[in-house]
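> Got a sequence here, can you build the structure:
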Amino acid sequence: MEFEVSAILLYLAVFLIAARVGGALSLKLGQPEVFGELIAGILIGPSVAGAISQSILGFSLCVVPGTPAGQFMSLLGEIGIIMLMFIAGLSIEVEEFRRAGRPSTVVAASGVVVAFLLGFGAASFFGWTTLEAGFAGGVLVATSVGITVRTLMELHVLHTKVGLTILAAAVIDDVLGIIILSVLSGMAFGGISFMGMAEVIALMVVFFLAVILLGFRIVPRVLSYASRFAADEIVLSVALAIVFVISAMAEKVRIAAITGAFLVGLITSRSQFADSIRGKVATVGYGLLIPLFFVNMGVETDLQALGAVSVLAVVFLAIAMFSKIAGCGLGALLSGFGVKDSLRVGVGMMPRAEVALIMASIGVKAGVVGQSLLSMTVMVVLLTSLVTPVLVKIAFKGAEREK
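Residues are numbered from 1 along each chain as shown. Purely as a prediction, here's the structure:
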């Protein structure tokens, strides 16, 4: 695929201007920047700018995600969200994160169970088959942590007990979602087996053990060794190279790349170069790459998918929002959190994205479910992404802030 440099540069300019204008207006309205970036993306994309220009001018004048330049922007956005999670890991004390492990496990498991059962039950009630209902429930299980992490950082609550619990629970949630995805995929294509499932789980376990056990020993030493050379910013380059390698490995074992990036950040936080690396990555990330991800999410949003909203779609959306708030909130209550903090945990675990869309598309491709599930999933991803920053800000009003 050939990329036209002038088109890419123009898209970069439009994306950055949209991100900054949208973020600034959002802050003026008392909302997190990420909310304004998502809305700005929708406005400059086919759903708004494209539709308006087509009706007035007779041709579409907007950012088009399917073009080579649009695909390139999507790639830059993916790198941006990887850098965001790397920064999140760099910003966290390992001991604090470890203490959040037990309650996070309960929160993640409770949220997955409640979301799956409610989605399965609703689809069954509307006459879907057992396998169709299984995909409907599966779509709702996995949290997308990128939007929540960005919002928690803006509100200065990521490093609190609640913020760390949300982050750790989202990592566990991702693993549980992939296991459920593997089971449903096997059932859809008739190839599920005990050995196949054991292989998926074993690869995940090996990945986490290798990265955590070897990473804490090797990565700080590698960065220290690299610092001996006189090349400009060599420590930063080596650190980013490690991030991208581990993120790629995570994708290979079906774990989200952002989880790999977060783990590298957590490991690198033990290095003497952590503060320097974090500052430089934050400059590049927030100045260029991270806003591109959220604007691109808006650009790729298809508002027409909301045009044929059925009763089941409304129920499905309500369950998508309620199931995580109730399920993860219940897990937080069982782990000793108060009612307000439990609600905050539940709201923070609400957004869905990649895993949900992948699961719905697999069901459609296998002929197990119709396009209706994919349309409902797009609606859930869109609306949970838009409302989460607003609800998180409301939920965390009066909450403990970072010291």
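
> can we go C-alpha only for contacts and neighbour counts from here?
Noted.

> Would you map the helices across the stretch 51-200 of the chain?
Secondary structure of the stretch 51-200 of the chain (DSSP state H, counting those that start in this stretch): helices located at 51-57, 68-90, 94-99, 101-125, 130-139, 145-154, 161-189, 194-209.

> right, and these - which one's nearest residue 321?
helix 101-125 (9.1 Å; CA to CA).

> Report the angle between that closest one and helix 130-139.
140 degrees (axes from the mean of the first three to the mean of the last three CA atoms, to 10 degrees).

> Which one, of the helices of the stretch 51-200 of the chain, ends up nearest to residue 17?
Nearest of the helices of the stretch 51-200 of the chain (CA to CA): helix 68-90, 14.1 Å.

> From the contact counts, what lies against that closest one?
Here helix 68-90 touches helix 5-28, helix 145-154, helix 257-268, helix 274-284, helix 290-299, going by 3 or more CA pairs under 8 Å, 6 or more residues apart in numbering; DSSP states H and E.

> so for it, what's the average pLDDT?
Helix 68-90 carries an average pLDDT of 91.

> How about stretch 155-162?
pLDDT averaged over stretch 155-162 gives 88.

> Pull up the distance across that stretch, start to finish.
13 Å (CA to CA, to the nearest Å).

> Give the buried residues for that stretch.
By 16 or more other CA atoms under 10 Å, the buried positions in stretch 155-162 come out as 155, 157, 158, 159, 160, 161, 162.

> now stretch 244-251
Neighbour-count burial for stretch 244-251 [16+ other CA under 10 Å]: 244, 246, 247, 248, 249, 250.

> Quick check: which of these has the minimum pLDDT.
pLDDT across these is lowest for residue 250, at 88.

> For residue 384, list the residues it contacts.
321, 350, 351, 352 (CA atoms under 8 Å, 6 or more residues apart in numbering).

> what's around the second one, how many residues?
Looking back up the chat, that one is residue 350. 30 (other CA atoms under 10 Å).

> swap in the one 3 residues further on?
Using other CA under 10 Å, the number of residues around residue 353 comes to 23.

> What residues does it make contact with?
Residue 353 touches 143, 144, 381, counting by CA under 8 Å, 6+ apart.

> ok, so what distance separates the spatially most central residue of the chain from residue 290?
In the chain, the residue lying closest to the centroid (CA atoms, centre = their mean) is residue 144, at 3.3 Å. For residue 144, the distance to residue 290 equals 15 Å [CA to CA].

> before we move on, back to that, please name the residues that touch the residue nearest to the centre of the chain.
170, 349, 350, 351, 352, 353, 354.

> what does residue 329 give?
Applying CA under 8 Å, 6+ apart, the residues near residue 329 are 107, 111, 342, 343, 344, 345, 346.

> what about 7 Å?
For residue 329, the contacting residues are 342, 343, 345, 346, by CA atoms under 7 Å, 6 or more residues apart in numbering.

> Tell me the one among those residues nearest to residue 151.
residue 345 (13.2 Å).

> hmm, back to that, what two of the contacts of residue 329 are the furthest from one another?
342 and 346 (6.3 Å).

> Which one of the two is surrounded by more residues?
A side-by-side neighbour count of residue 342 and residue 346, using other CA under 10 Å, places residue 346 first with 28 against 25.

> List the contacts of that one.
Contacts of residue 346 by CA under 7 Å, 6+ apart are 324, 325, 326, 328, 329.

> farthest pair in those?
324 and 329 (7.3 Å).

> Using PDB, write down the CA coordinates of stretch 63-70.
Included here for stretch 63-70 are C-alpha records, laid out as PDB according to Å, rounded to 0.1, in the frame of the first residue of the first chain:
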ATOM      1  CA  VAL A  63     -11.100  12.500   7.300                       C
ATOM      2  CA  VAL A  64     -11.700   9.000   5.800                       C
ATOM      3  CA  PRO A  65     -10.400   6.100   8.000                       C
ATOM      4  CA  GLY A  66     -10.200   3.600   5.100                       C
ATOM      5  CA  THR A  67      -7.700   5.500   3.000                       C
ATOM      6  CA  PRO A  68      -4.000   4.900   3.300                       C
ATOM      7  CA  ALA A  69      -3.500   8.100   5.200                       C
ATOM      8  CA  GLY A  70      -6.400   7.200   7.500                       C
END
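
> Which residues does that stretch contact?
Here stretch 63-70 has contacts from 3, 7, 8, 44, 45, 46, 71, 299, 300, using CA under 7 Å, 6+ apart.

> Need the nearest residue in space to residue 18, chain neighbours excluded.
In space, and not counting its chain neighbours, residue 18 is closest to residue 40: 5.6 Å by CA to CA, 6 or more residues apart in numbering.

> repeat for residue 27
Counting by CA to CA, 6+ apart, residue 33 is the residue found nearest to residue 27 once chain neighbours are left out, at 6.0 Å.
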